[in-house]
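my questions are about this predicted structure, shown below with the sequence.
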Amino acid sequence: MRWLPTLLLLFAVPVSAADLLFAGGQWVALDRGHSCEAGSRSLRIAQKGKVQARAGFAFDAAGPRRGQFFAQLSRMPRQGSTVILTVGDQPFLLVAGRGWAWSRDPAQEAAIIAAVRAAGGMRVDSRDQAGGRFVDRYLLEGAPTAIDAAAARCAGKMQRR
């Protein structure tokens, strides 16, 4: 039941809008119908009224996303600031906009997933509107299985079409 708080805080969606595929460690995998996601919330719980940082991987049943990394950031990054994902000790420069960050392309997505399989933690770093550095940290326990569950479910939907 350690995953229950993660599930509740991670994806605030109606039960009918998502089916739970996997929950373990700090990660969950959800089937949202047209897409599947593996995700987790950051270690720091957001204060009431603040954005809860979360990150994960998205797969589309009939679209272009095949493991796209995404992160909802705990703070709005300063215009022009870089957003860096570091998995273990491997950094990845992300594309950012409106409080979110994404992987750049399929090659980077594959590299991020490979790094997640070998690491125990990851973090997303940037600078906020005032120029202060902020870091959203994540544990990766359960991430490989959640990623595999989301990928397999959406791949199965493609084969049935």
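Okay, I see it.

helices of the chain, start to end?
Secondary structure of the chain (DSSP state H): helices at 4-10, 106-118, 143-160.

residue 114 and residue 69, how far apart?
Counting by CB to CB, to the nearest Å, the gap from residue 114 to residue 69 is 12 Å. Bear in mind the C-beta positions are built from the backbone N, C-alpha and C, glycine included.

confidence-wise, which of the helices of the chain is weakest overall?
Note on the helices of the chain: helix 4-10 shows the lowest mean pLDDT, a mean of 42.

ok, and which of the helices of the chain has the densest surroundings?
Stretch with highest mean neighbour count among the helices of the chain: helix 143-160 (a mean of 18; mean count of other CB atoms under 10 Å).

give me the angle between that one and helix 106-118.
With axes from the mean of the first three to the mean of the last three CA atoms, to 10 degrees defining the directions, helix 143-160 sits at 130 degrees from helix 106-118.

run the chain-centre distance for helix 143-160.
15 Å (CA atoms, centre = their mean, to the nearest Å).

again, but for stretch 98-113
10 Å.

where does this protein have its least confident helix or strand?
Within the chain, no helix or strand scores below helix 4-10, which has a mean of 42 by mean pLDDT, DSSP states H and E.

point to the residue nearest the middle of the protein.
Nearest residue to the geometric centre of the chain (CA atoms, centre = their mean): residue 56, 1.4 Å.

what ranges do the strands span in the protein?
For the chain, applying DSSP state E gives strands covering 19-24, 27-31, 35-41, 54-60, 66-72, 83-87, 90-97, 100-102, 121-127, 133-139.

now do the second one, average pLDDT.
Looking at strand 27-31 alone, the average pLDDT works out to 97.

repeat that for the fourth one.
Over the span of strand 54-60, the pLDDT mean works out to 97.

which elements pack onto that strand?
strand 35-41, strand 66-72, helix 143-160 (3 or more CB pairs under 8 Å, 6 or more residues apart in numbering; DSSP states H and E).

kindly report the same for the last one.
Taking 3+ CB pairs under 8 Å, 6+ apart as contact, the helices and strands that strand 133-139 lies on are strand 35-41, strand 121-127.

quick one: mean pLDDT over it.
Rounded mean pLDDT across strand 133-139 is 98.

now do the buried residues in that strand.
134, 136, 138, 139 (16 or more other CB atoms under 10 Å).
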